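Colleague: model this:
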Amino acid sequence: MKTMRLVHAAACATLLACSPALGAELEAVNETAPSLYDRLGAWDGIHRIVSDTVALHESNPAIRHYFRSIDRKRLIASVTAFFAAGSGGPDCYKGRDMTTAHAHMGLTPADFDAAVSDVMNALAQNAVGQREQDEVRAILLSLKDPVLGTATAAQ
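Modeller: Down below sits the predicted model:
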């Protein structure tokens, strides 16, 4: 959640520094525009997207082995809370950070890409607009190093 808010804050700060007029316009839009959370259908919409994503992960030959012995209900609840909080919804994620949550998995960049592809397919299945898909993809890509455990190595 904090990472996603930091990504948004950094993007706004960059726009403000590079183009004060454009940055101010973006801030004005952000004050009145619905959050990504709302545009994804709030809690129920995000829960549907996450449920569909987990189903895609479970059937994806590249990554399904990671999901063989999971508590599906718990995973969906945790990811829904993370996704909701990080997209501008209620601050209710109490789970582990991305590095800790994925450290034991030994994920590769190809695994990460397969998982992102599943998320994007779930968004499309739920008729999520292109703008929102692009925002979600950017958020996911910002989490790549923490998920793969390469965040400290990259610094």
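Colleague: show me the domain layout of this protein.
Modeller: Here the domain parsing of the chain from automatic domain parsing is 1-33, 35-154.
Colleague: any idea which of those scores lowest on pLDDT?
Modeller: Ranked by mean pLDDT, the domains of the chain bottom out at domain 1-33, with a mean of 49.
Colleague: make CSV out of the domains of the chain and add mean neighbour count.
Modeller: Every residue, glycine included, has its C-beta placed from N, CA and C. Formatted as CSV, the domains of the chain follow (neighbours: other CB atoms under 10 Å):
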stretch, mean neighbour count
domain 1-33, 12
domain 35-154, 16
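Colleague: which strands and helices sit next to the one helix or strand F112 maps to?
Modeller: Assigned by DSSP states H and E, F112 belongs to helix 109-125. Secondary-structure packing of helix 109-125 (3 or more CB pairs under 8 Å, 6 or more residues apart in numbering; DSSP states H and E): helix 42-59, helix 130-142, helix 144-148.
Colleague: how distant is that helix from the center of its chain?
Modeller: 11 Å (CA atoms, centre = their mean, to the nearest Å).
Colleague: and the closest residue to R137 other than its chain neighbours, how far is that from K144?
Modeller: Counting by CB to CB, 6 or more residues apart in numbering, M120 is the residue found nearest to R137 once chain neighbours are left out, at 6.5 Å. Counting by CB to CB, to the nearest Å, the separation of M120 from K144 is 14 Å.
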